[in-house]
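Participant: Kindly return the folded structure for what I paste below:
(5 chains, ligands or ions: 5)
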Amino acid sequence: MNVSRRAIVLTPLALLGCAYALNLVHSPTVAGQAGLGFWAFIIVLWLAAAVALSGLSNLRPKNLNMRRLAGLCVPILFGAFLFFLWEVIVVGAGVPSVLMPAPSAIGGRFVASLPVLLADFLQTFVKSVLSGYVIGCLAGFLVAIIADRIPFLRRGLLPLGNFVSALPVIGIAPIMVMWFGFDWPSKAAVVVVMTFFPMLVNTVAGLAAAGRLEHDLMHSYAAGYWTTLVKLRLPVALPFIFNALKINSTLALIGAIVAEFFGTPIVGMGFRISIEVSRMSLDMVWAEIALAAIAGSIFYGLVALVERGATFWHPSYRT
Amino acid sequence: QADKVTIQLKWVTQAQFAGYYVAKDKGFYKEAGLDVTVKPGGPDIAPPQVIAGGGADVVVDWMPSALAAREKGVALVNIAQPFKRSGMMLTCRAETGIKSPQDLKGRTLGVWFSGNEYPFLAWMAKLGFKTDGSAGGVKVLKQGFNVDPLIQKQADCISTMTYNEYWQVIDAGFKPEQLVVFKYEDQGVATLEDGLYVMQDKLKDPAFVAKMAKFVAASQKGWDYVRQNPDEAAKIILDNDASGAQTEKHQKRMAAEIAKLLDTAGKGKLDPADYDRTIATLLASGGDSPVITKKPEGAWSHAVADAIK
Amino acid sequence: MTTKALSLPVRRASGKTSRLGEGNTGPVLVVVLAILAFWYVAAILMNWQGVADAFIRAGEQRSTSEIVLATMDQERPMLPAPHQVLVELKKTVIDTAVTSRRSLLFHAWVTLSSTLLGFALGALLGSVLAVLIVHVKTLERSLMPWIISSQTIPILAIAPIIIVVLGSIGITGLFPKAIISAYLCFFPITISMVKGLTSPDPMQRDLMRTYSASLAQTFWKLRLPASLPYLFTGLKVAIAISLVGAIVGELPTGAQAGLGARLLAGSYYGQTIQIWAALFGAAILASLLVAIVSIAERIVNRSMGARSA
Amino acid sequence: MGGSGVPSGLASGTRPASEAPPHAPVVDIKGLSLTYEAADGPVYALSNVDLQITEGEFVSFIGPSGCGKTTLLRVIADLEQPNGGHIHVNGVSPSEARVRRDYGFIFQAPALYPWRTIQKNVELPLEIFGLSKAERQERSQRQLELVNLKGFEKKFPWQLSGGMQQRASIARALSFDPKLLLMDEPFGALDEIVRDHLNEQLLKLWDKTRKTVLFVTHSIPEAVFLSSKIVVMSPRPGRIIDVIDASHLGRERKLEIRETPEFLKIAHRVREGLRAGHSYDD
Amino acid sequence: MGGSGVPSGLASGTRPASEAPPHAPVVDIKGLSLTYEAADGPVYALSNVDLQITEGEFVSFIGPSGCGKTTLLRVIADLEQPNGGHIHVNGVSPSEARVRRDYGFIFQAPALYPWRTIQKNVELPLEIFGLSKAERQERSQRQLELVNLKGFEKKFPWQLSGGMQQRASIARALSFDPKLLLMDEPFGALDEIVRDHLNEQLLKLWDKTRKTVLFVTHSIPEAVFLSSKIVVMSPRPGRIIDVIDASHLGRERKLEIRETPEFLKIAHRVREGLRAGHSYDD
Ligand SMILES: Nc1ncnc2c1ncn2[C@@H]1O[C@H](COP(=O)(O)OP(=O)(O)OP(=O)(O)O)[C@@H](O)[C@H]1O
Ligand SMILES: Nc1ncnc2c1ncn2[C@@H]1O[C@H](COP(=O)(O)OP(=O)(O)OP(=O)(O)O)[C@@H](O)[C@H]1O
Ligand SMILES: Cc1ncc(C[n+]2csc(CCO)c2C)c(N)n1
Ligand SMILES: [Mg+2]
Ligand SMILES: [Mg+2]
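Facilitator: Numbering: from 1, shown residues only, chains lettered A, B, ... in the order given. Ligands and ions are numbered 1, 2, ... in the order given. Here you go, the predicted structure:
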């Protein structure tokens, strides 16, 4: 109780302090030459925020909606504080913007460049990532099934699956550009290669996860391979498969962006990042990174949401 | 006690940077009382970023990218310009029927970005071709690291360097008469390549200027040596290439071609006329994100060159 | 569910069929042969145009069979024929001393060392994060979204900054590459382990509660053993990704040595065969690493009483 | 898919004439033995087991824990491969019988699938056998009623008590009405009243449908009450030490017969056999 | 470390004087109720339960399947949080009692860890309580002997029969000799002989160590034979409908008392209560 009351008092105080610090750091006398006193103030704020946050996360309001709100507050405040630190350090210590731009600059750039960002997003995420992700995950899944269905192939396919597991992006990207041209299909192909292995390994492990008694039941019904697969083994494998989908959701994005370093039409998140780096427009680079982070997190969140619905019975969702 | 100097190159170890490797290998730096570390670059390395982060004392960069960095707050100053001429050109397959720059209209062109696109943009602006993919312009591809797009016919023309990619096209079975080349020098849009840049505030320190003077002089000695012994320079490059991927044939040719671009008269001292021409080209490049928006001030200095005894 | 507790998730011995054709050599051979055949056909088809073009450029008239032969003997093919890759592998692996920079083994070793260090760091970070997320409510809520965001940041974009920053505080060499590899590979471990650590069923957890076991005891005696099937799949994915990370990390460190440097150089100079050889090197390395994890998995499973499959 | 036949109980109409005549051996075992190979040496689970079960019999298996009752049922169900001896189920090999879906198996543990509701669990075999949705629903409703689980159709297994889970698994096996029922301690977790109730229901079902039932139990009264034949087993290695005929108690039995002298006599014999199978005799 | 105390049975020497006097309430429940929230509506598992159990009592719980026996034991063990009412275990809250390691729980299902051998499973609580290796081994050997599992120490759970697994879980709970034993149908999967044997052993143990035992069973004779008090429950919502004192049967009982009139009288009363809790009365 004590802890949470302290949190309720401390949180607004910390917020006020942060606002004051932000104001201070942007004033010409402090920006780039913040003194010891300023940093001491920041450290105090840090401590206050840490105490406030841990108190907040222990808060258990009776009301369900309030509880949801509290649950949402913690990560948001945590993130906001990270951004605050970033801003204060970059501005206060005068870090050159070519190394690390301030969040405020990035935000400004983000808003100012929305049309460009949208075009890049469509090119990279919608075209390359989504198509590559779907094909790659499907391919990994299907190969796992084939390997499972045909024991003879299993011992041949799985080692070969391992073989393609680490085909590095920078190796395959130029080849894919050569084969599939400059536009998004070559990036999608890179994503396919990158997402294939996690899905393969996880599906194989998932298909082996069903217990003996559950198998015996199917056996006693003389259920065929496919019936057993659909009614028993796939449900049991779902938690594994969703792990792969989650891992791949971020991997696909990295793959597509990196692949654009190796030849692309003049649009795309990777293209923008690579050219803006050399133009030293790090604020634009970080605006693209922010876009990638937002898109990736939403993508991941959707996968996690579907997972919760599909594997509600798994012990990890039963507290 | 030798002075330590770290130089960040713009690209991987190859004869393009032979002067520095030769100076190190032949002991020119040592004679000058310097202990030099040469850091090779790569597609992922932006020399201005490295120098701003304190990773190098001096960097090799192309002027457009250096000036872009300067506008973004990394106060780079050109202290020497060993390369007098630009080696960049656009190489087209003759069979496409391209004969003059006017024929480029509507074609697919491979262009290097990463700061190297400005001369191209300036040229297109001069020709009146749009580069944003709209009708009546040219179709631009961000070219990768090699000449495959030309060979695979994915592009009609690609960017090449006289000392490197052009020969890769030749090696791929093209005869010179099957190619049409447009040198940026000839098109009047050449920009300065491969200059030496340092951080502006460091130049206030006379000791640093003296050290750089020693460095530039010793490097120049290296370049002179390259010009006279291109084959030996190529060997030195091969010895220093950690990737083990370079071939002797290619590096010898590159050293020979590089020699043609070097400044022989000014001994690496930047000619303000070349500088002005580069600025003019860049200011003409237009587009919605121009590399520089105004004429830069103090972007070059003869302090180091003048300090050379 | 009581039934789950009765059996480790291990493939059910499918009686007679599983005994059949023990050993991997036979099946692997068949699959490899099938792939080789497919590959040759693909090589002929994909290289056809290039070869035909080359002959036309050379002004030579060739028969179909000659073109077919030539498709398997190009210097820069779209798809090199298997034997070309094998010859290159033999040249760079067997015919070259391992200490030479032209030896693929040398480069594989460079990459492997940063892979292993990166994997170790990543596994450590990944499991520490997973343990924290499973145990500390605050962290689960506040950390997970940021971990996910961190993974969507394109590594190649921030790798140079990491290198520069680490370089400016004096950390160079193996470590920066390992950091990049760790950054990429910790995520699969975290994801898999979080799922695995929460997979014991309620009754198994209740048992620990009745003993009023500490968090650490519950972790070591219940959560960790129960998480192993998930953990090992995570490790397999992670070690493969850490190899990718190590290779990617070689670019912003100047791509001086390692498989990444080979790939980049091969790509820069259009040496397709060299790219393929390096790709094979990476793939073989990955297979070995994954195989090692699989063997570890099997040993651990056996010691935990899993039925032999 | 795998199975070729719809189980007998699902076929509409009367039994085809081609099937084995009444009193043909449904289970025919000779010299059966089974050894589990374990890392620390073999476990002799069954040794030289001989057994004939004719159609329509109700056979109980009783014996000390670990004597091989479950193993024997699993061999008959083709879930375990014997090391030696002969075994025929309905005149064919266990595996053929399994593929023909000749039997229903109730496992010692409920083995419900946690992602399915209780109703969906009961309908699982019906789905596999390809019954229509309406038919499935009708059958699952009926069986859930029988085991007194009405109102729990939409629950998931982990929301049920131990005994309820076991009853759900009974409903699942009964739902497709197999001619041969293999039941491994189906009523172990049920209280006396429910147990008596289900015993009577099972007996009724048996009498009406002429099923053959193989029934593992630990309760001597239950075994005697239900069975036409009682098989007493003894462990290490698992073998049959007594086969007691109880058919003279008749097919239609009331709970009251448990007080009759015949009943008690048989029960006594079973108890003696059971005691002999144990190492301690206090 | 979570637990502060070594359970009473593990402390060497005699009981400290500071502990509660004999016949202090070990379990004290007033107006307890518990509702499970499920997607399709709440399940009222316990409603207004009152119960006092004093030290040294042997209390059996009997009732129809699904009436809340397991739930009640879980509440006492702090594995489930009640919605209402008061509950004290050894004078403190269930959670404090749990942290003090006041009790041992035998679950309805064996809940053995599949990656541990039988012996290691039995030693699990001892490891957690920090006993030395020698001590652990000595105790696990003794308990495995008691439940007749000698020779199976090195086996993994899936290599054991159902009844053997259950016995292993009994050995595990007994190994650390808790003063309060919560047993949820521990003997459900055991045959009569073993069951009788273990009943006697348990009774001896109880008499010797003055443990308090809470025992869920479905067997009326077992309940009457073992208990000093029998609690009869009824379902939907789970509540106590009868509490029968059986302490007058004495603490030292022989199997033979099952034939005595007192015994049969109590058994009859239990059966009546049980029957009342059921919906069907055929
Ligand atoms: N998969 C297995 N691997 C090794 N041994 C096994 C396996 N399954 C059972 N056993 C052993 O075989 C013997 C017989 O087991 P079974 O399950 O048939 O006994 P049971 O008569 O059903 O006992 P219970 O009444 O306890 O269920 C036991 O000693 C057991 O340890
Ligand atoms: N986790 C749960 N979620 C929802 N309902 C539950 C849960 N656990 C138990 N129940 C319900 O609570 C009631 C009581 O269950 P409990 O397990 O206590 O019964 P029981 O008396 O132990 O029965 P049995 O003798 O069959 O083991 C049952 O109706 C059951 O469906
Ligand atoms: C990504 C990328 N950017 C630029 C070039 C062009 N280029 C050719 S040689 C050379 C060295 C300059 O000193 C450069 C930059 C490329 N190939 N790839
Ligand atoms: Mg059994
Ligand atoms: Mg229960």
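
Participant: So which residues on the stretch 101-250 of chain D come close to ligand 1?
Facilitator: On the criterion C-beta under 6 Å from any ligand atom, ligand 1 has as its neighbours in the stretch 101-250 of chain D the residues D:108, D:238. For the C-beta atoms, the positions are set from N, CA and C on the backbone; glycine is no exception.

Participant: measure the residue of the stretch 101-250 of chain D found nearest ligand 4 to residue A:222 for me?
Facilitator: Among the residues of the stretch 101-250 of chain D, residue D:108 lies nearest to ligand 4; the distance is 4.8 Å by C-beta to the ion. Taking C-beta to C-beta, to the nearest Å as the criterion, residue D:108 is separated from residue A:222 by 21 Å.

Participant: ok, these two, which is more surrounded?
Facilitator: It is residue A:222, of residue D:108 and residue A:222, that has more neighbours when counted by other C-beta atoms under 10 Å in any protein chain shown, with 25 against 22.

Participant: Would you confirm that the more buried one contacts residue D:100?
Facilitator: Yes - A contact is recorded between residue A:222 and residue D:100 when judged using C-beta atoms under 8 Å, the distance being 7.3 Å.

Participant: The residue of the stretch 101-250 of chain D closest to ligand 4 and residue D:187 touch, don't they?
Facilitator: No - Residue D:108 lies out of contact with residue D:187 (C-beta under 8 Å); the separation is 11.4 Å.

Participant: so how many other residues sit close to residue A:46?
Facilitator: One way to gauge burial is a neighbour count; for residue A:46, by other C-beta under 10 Å, it gives 14.

Participant: list the contacts for it?
Facilitator: Shown here is residue A:46, whose contacts under the criterion C-beta atoms under 8 Å, 6 or more residues apart in numbering or on different chains are residue A:85.

Participant: What sits closest to residue C:28 if chain neighbours are left out?
Facilitator: Of all residues beyond its chain neighbours, the one nearest residue C:28 is residue A:156 (4.8 Å), with distances taken as C-beta to C-beta, 6 or more residues apart in numbering or on different chains.

Participant: wait, that neighbour sits on residue C:32?
Facilitator: Yes - contact between residue A:156 and residue C:32 holds when scored by C-beta under 8 Å: they sit 7.4 Å apart.

Participant: which of the two has more neighbours?
Facilitator: Between residue A:156 and residue C:32, counting by other C-beta under 10 Å, residue A:156 is the more crowded of the two (23 against 16).

Participant: Write out the residues of the stretch 51-200 of chain D neighbouring ligand 4.
Facilitator: By the rule C-beta under 5 Å from the ion, the part of the stretch 51-200 of chain D lying against ligand 4 is D:70, D:108.

Participant: Now do the strands in the stretch 51-200 of chain D.
Facilitator: Secondary structure of the stretch 51-200 of chain D by DSSP state E, counting those that start in this stretch: the strands cover D:58-62, D:84-89, D:103-106, D:180-184.

Participant: nearest to residue A:127, of those?
Facilitator: With C-beta to C-beta as the criterion, residue A:127 lies closest to strand D:103-106 of the strands of the stretch 51-200 of chain D, at 52.4 Å.

Participant: ok, is that closest one in contact with chain A or not?
Facilitator: Yes - applying C-beta under 8 Å from any C-beta of the partner chain, one finds strand D:103-106 touching chain A at D:103, D:104, D:105.

Participant: now the residues you listed as TSV including pLDDT and neighbour count?
Facilitator: TSV is the format used below for those (pLDDT from 0 to 100; neighbours: other C-beta atoms under 10 Å in any protein chain shown):
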residue	pLDDT	neighbour count
D:103	88	29
D:104	89	25
D:105	90	26
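
Participant: Out of these, the closest to residue B:53 would be?
Facilitator: Nearest to residue B:53 out of these is residue D:105 (C-beta to C-beta; 70.0 Å).

Participant: domain parsing for chain C?
Facilitator: The record assigns chain C these domain ranges, following automatic domain parsing: C:2-79, C:104-303.

Participant: Let me know which of these is tucked in deepest.
Facilitator: Neighbour counts (mean count of other C-beta atoms under 10 Å in any protein chain shown) averaged over each of those peak at domain C:104-303, with a mean of 23.

Participant: Give me the contact status of that one with ligand 2.
Facilitator: No - residues of domain C:104-303 contacting ligand 2 under C-beta under 6 Å from any ligand atom: none, with a closest distance of 8.1 Å.

Participant: closest point of the stretch 101-250 of chain A to ligand 4, which residue?
Facilitator: Using C-beta to the ion, residue A:213 is the residue of the stretch 101-250 of chain A that sits closest to ligand 4, at 12.0 Å.

Participant: Please identify which helix or strand holds that residue.
Facilitator: Assigned by DSSP states H and E, residue A:213 belongs to helix A:212-220.

Participant: Can you tell me which helices and strands whichever helix or strand comes after that helix packs against?
Facilitator: Toward the C-terminus, helix A:212-220 is succeeded by helix A:225-228 as the next helix or strand (DSSP H and E). Other elements packing on helix A:225-228 under the criterion 3 or more C-beta pairs under 8 Å, 6 or more residues apart in numbering or on different chains; DSSP states H and E are helix A:212-220.

Participant: residues of stretch D:130-146 that come out buried?
Facilitator: Applying a neighbour-count criterion of 16 or more other C-beta atoms under 10 Å in any protein chain shown, one finds D:131, D:136, D:139, D:140, D:141, D:143, D:144, D:146 buried in stretch D:130-146.

Participant: give the contact list for residue B:269.
Facilitator: The contact partners of residue B:269, by C-beta under 8 Å, 6+ apart, come to B:80, B:81, B:263, B:302, B:305.

Participant: wait, residue A:220
Facilitator: With contacts defined as C-beta under 8 Å, 6+ apart, the neighbours of residue A:220 are D:77, D:79, D:98, D:103, D:104, D:105.

Participant: follow-up on the earlier one: turn the strands of the stretch 51-200 of chain D into JSON lines, including distance to ligand 5.
Facilitator: Written out in JSON lines, the entries for the strands of the stretch 51-200 of chain D read as follows (distance: least, C-beta to the ion, whole Å):
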{"stretch": "strand D:58-62", "distance to ligand 5": "24"}
{"stretch": "strand D:84-89", "distance to ligand 5": "35"}
{"stretch": "strand D:103-106", "distance to ligand 5": "19"}
{"stretch": "strand D:180-184", "distance to ligand 5": "19"}
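
Participant: possible to save these as CSV with distance to residue C:41?
Facilitator: Listed next are the strands of the stretch 51-200 of chain D as CSV, based on distance: least, C-beta to C-beta, whole Å:
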stretch, distance to residue C:41
strand D:58-62, 62
strand D:84-89, 52
strand D:103-106, 51
strand D:180-184, 55
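
Participant: Which among those strands is found nearest to residue B:9?
Facilitator: With C-beta to C-beta, the closest approach to residue B:9 among the strands of the stretch 51-200 of chain D belongs to strand D:103-106: 74.2 Å.

Participant: which residue does the stretch 51-200 of chain B bring closest to ligand 4?
Facilitator: Here the stretch 51-200 of chain B gets closest to ligand 4 at one residue, residue B:144, 66.9 Å apart by C-beta to the ion.

Participant: what number of residues lie near that residue?
Facilitator: Number of residues near residue B:144 (other C-beta under 10 Å) recorded here: 24.

Participant: now do residue D:161
Facilitator: The number of residues packed near residue D:161 is 22, by other C-beta under 10 Å.
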